[in-house]
Structure formats: C-alpha cells, structure tokens
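*Asks:* sharing a model that was predicted from the sequence below.
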Amino acid sequence: MNKRLFLPVILLFCFLQVSAQQKIEFPSKDGLEITANLFLVSDTLPYMILCHQAGYSRGEYDETNKKFSKFMYNCLAIDLRSGDEVNGVKNETAARAKEKNKPTGYLDAEQDILAAIDYAFAKSKKKVILVGSSYSASLVLKIAAKDERVKAVLAFSPGEYFGKAYSLKDNIKSIPVPVFTASSKEEGPALTKLMDNIQAPKKQQFTPASKGDHGSKALWKENQNAHEYWLAILMFMRTVR
C-alpha cells in the first residue's frame, strides 16, 4: 500500500463496524481448552493475536483490541495458562490448567500461543501478527524466530523472564520478520541491549519521554503517554506488508 494512502485508509476504517466481541474456545497443543475474545472484522482479513502479561487475562486488551483491529486485522485476545485476572476478567485457561494439575509456568504458556496461531491461520490462511506483554512479549519473540506463519511482532516490555531455562537474547538474534518493541522509560536501556542483538529486517524501539508503563497497559488511556505509544505503533505498521 502506498504510504501516502495508509493514514486515510486507517481513518476510513475507523468508521467501519467491528462485530461484537465473541467469547470462543479452542484446544491448546496438550488439549487444554483456551478461552479467548475474538473481534472479527472480516473473514477475509488476517489475525492479530494479543497475549497478556503475568497475573493477567485476556481482559488486558478489553480497552485496546478494537484499536488494534483498525489496522485491518481480526483480533484474538487469549487467556494464557500462566495468569489470573485483570479488569474484572478472570483467566479461564489458567483456572482449567490448575484444575487439571497442568504446569503453568511462563514457558508452559508458549503452546497456548502456538495453538492460537493454528486457529487463526486455519481461519484466514494468512500470516499473523503477534502482540505480547511482559513475559508473553518474550514468548512471541521466541516464536517469531522459528514460526514461518508469523508476519510481524509487537512486544511490550520483553525481557529475560525464563531464568536459566532459556536465554532470550541468545535465541532471537535472527528474527526474520519486522519487530516493534516498547517499554517504560525505566526499562528502556535494558530493552535497547536486547534489541541491539536482534538482526531483524526491520526493528523499531519506542521509549516514552516520561514514565510510561510496563507491558501493553502502556496503551491504556489512563497512561498519559498512551498517544505516543499508539503513534509509534502506527508508524511501525506502515512498514508491515
């Protein structure tokens, strides 16, 4: 798409009607049922998979998923098995995992994201964009380094959350897709060190001028820097083809 036409198209798309939120379920790689909120814009569009931070649920994106859909993507906000509750939305996947005595560590949640990619790719036959927050931001970078169904990554506050079990920096050097990262101002220097090690075809880091916030909640309207984050995302999305 011509860059000069991108913004007018996005503005026009803002007036299109997004279907009501649908609560859906699909199996993870080990058979555990995953709960997700689906915002379906069109059967012909690709998917953006939205992943929450530690202790949270799909409710992390209750305020922002419609904004993400304006980039002409169906949005799938998933409950990962490592999480709990946010914005009054309980993490149903995590509750099931505990009932079935399944492990709920950060790395255990990777299979849930992979299952979401399976679901989305089967629906559209188009590559997905992964959006991660905190520990899931690290997981989506990990997945993007090896899964050819990923088109691009937006990672909010990724870091070395897996201890000795997995070194993120050592395993994401050659991500073959565009990467956008963002963080709070305090987290910026550490994120820069991580980004310096990535040799993606396109990479962009955003650090706010003032405090900002951790994870994708930096995009919530209560954050005074939210508009800066959204502008940076818009500029990045202009480069994703």
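*Replies:* Perfect, I can see it now. It should be emphasised that the depicted structure is a prediction, and the values quoted were computed from it without experimental measurement.

*Asks:* at which residues are the helices of the protein located?
*Replies:* 3-13, 65-69, 92-99, 110-124, 135-144, 168-171, 188-196, 226-237 (DSSP state H).

*Asks:* residue 93: neighbouring residues, count only.
*Replies:* Here the count is done by other C-beta atoms under 10 Å, and residue 93 has 27 residues near it. From N, CA and C alone the C-beta is placed, and that goes for glycine too.

*Asks:* what does residue 196 give?
*Replies:* Here the count is done by other C-beta under 10 Å, and residue 196 has 11 residues near it.

*Asks:* again with the one 10 residues further on
*Replies:* The number of residues packed around residue 206, counting by other C-beta under 10 Å, is 21.

*Asks:* who does it bridge with?
*Replies:* According to DSSP bridges, the residues that bridge with residue 206 are residue 182.

*Asks:* shouldn't it be in contact with residue 179?
*Replies:* No. Between residue 206 and residue 179 there is no contact, the gap being 11.7 Å when judged by C-beta atoms under 8 Å.

*Asks:* out of the helices of the chain, nearest to residue 157?
*Replies:* Across the helices of the chain, the minimum distance to residue 157, taken as C-beta to C-beta, is reached by helix 135-144, at 5.8 Å.

*Asks:* helices or strands next to that closest one in the packing?
*Replies:* Secondary-structure packing of helix 135-144 (3 or more C-beta pairs under 8 Å, 6 or more residues apart in numbering; DSSP states H and E): strand 47-51, helix 110-124, strand 128-133, strand 150-156, helix 168-171, strand 179-182.

*Asks:* can I get the third one in PDB? Just the C-alpha atoms.
*Replies:* Translated: strand 128-133. Output of strand 128-133 as PDB, limited to C-alpha atoms (Å, rounded to 0.1, in the frame of the first residue of the first chain):
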ATOM      1  CA  VAL A 128      -0.400 -13.500  11.900                       C
ATOM      2  CA  ILE A 129       0.900 -10.500  13.900                       C
ATOM      3  CA  LEU A 130       1.800 -11.500  17.500                       C
ATOM      4  CA  VAL A 131       1.400  -8.900  20.300                       C
ATOM      5  CA  GLY A 132       3.000  -9.700  23.600                       C
ATOM      6  CA  SER A 133       3.100  -8.100  27.000                       C
END
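
*Asks:* what helices or strands is it leaning on?
*Replies:* Contact analysis of strand 128-133 by 3+ C-beta pairs under 8 Å, 6+ apart lists strand 47-51, helix 110-124, helix 135-144, strand 150-156 as its packing neighbours.
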